[in-house]
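A.B. asks: just a sequence and a predicted model for now, questions to come.
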Amino acid sequence: MKQINDKKGFTIIEVVLVLAIAGLIFMMVFLALPALQRSQRDTQRRNDIGIAGAAVTTFRTNNRGQAPAIVSCDGNGDGTFAGNGFCNYLNELSGDITLVQVIDFQAVPGDAADPTTTIRVMRRGVCPTIEGGEFTRAASNNQAAVFTTLESSNSIYCEDV
C-alpha cells in the first residue's frame, strides 16, 4: 500500500529564507532613513537662508540701504523672535529658524554654539566663490552674506544679499 503525503505548508528552509530577505529589506530602510532626514533638514536650512535673506533685503529697503546692526535674534519657540529692529523683520517671515546672528565681516564664521541650527548674516561680507573658500569683504557696506552649515556635508551654504 502506498502512502500519500497530503500535508501542505512551508518547509523550515523556506520560512528562514523569507525572514532573512525581510530582515535585509528592513535593515536597508533603517540605514537609509537617517540620511533622508539629514537631507530634509538641509533643505529646510536652505529655505531658512532665503527667509533670512528676504528679511535683510526688506530691512535695507526700509532703512535707506543700511545693513542690519549686529544682533542675535533668539527664537521664542513659537516661530517668533525676541528683540526689535532686524528681529521684527524676521517675525514677519520666520519659518522654523531657531537663531539668527548678525555678525560683522571681521567675526569668525564658525563661532556659533550649534552651527547647524544657526543662521548668520555677515555684514559687509561676500560668500566664498568656491567650496571651502574664504569670505571676502564686500565692495559696499550695504552688502551681506547669509549662511549656515549643512548637516549632511558639513559644508557652508551661503547666499549673497
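C.D. replies: Cool, the structure landed. Residues are numbered from 1 along each chain as shown.

A.B. asks: what's the residue nearest to the spatial centre of the chain sitting at in phi/psi?
C.D. replies: With distances taken as Cα atoms, centre = their mean, residue 45 lies nearest the centre of the chain, 2.6 Å away. Residue 45 adopts backbone torsions of phi -60, psi -40, taken as degrees, to the nearest 10.

A.B. asks: nearest residue to it other than its sequence neighbours?
C.D. replies: Nearest non-adjacent residue to residue 45, counting by Cβ to Cβ, 6 or more residues apart in numbering: residue 148, 5.2 Å away. Using the backbone N, CA and C atoms, a C-beta is placed for each residue, glycine as well.

A.B. asks: and the next element down the chain from the least confident helix or strand in the chain by mean pLDDT?
C.D. replies: When each helix and strand of the chain is scored by mean pLDDT, DSSP states H and E, helix 86-93 comes last, with a mean of 78. Beyond helix 86-93 in the direction of the C-terminus, DSSP states H and E gives the next helix or strand as strand 99-103.
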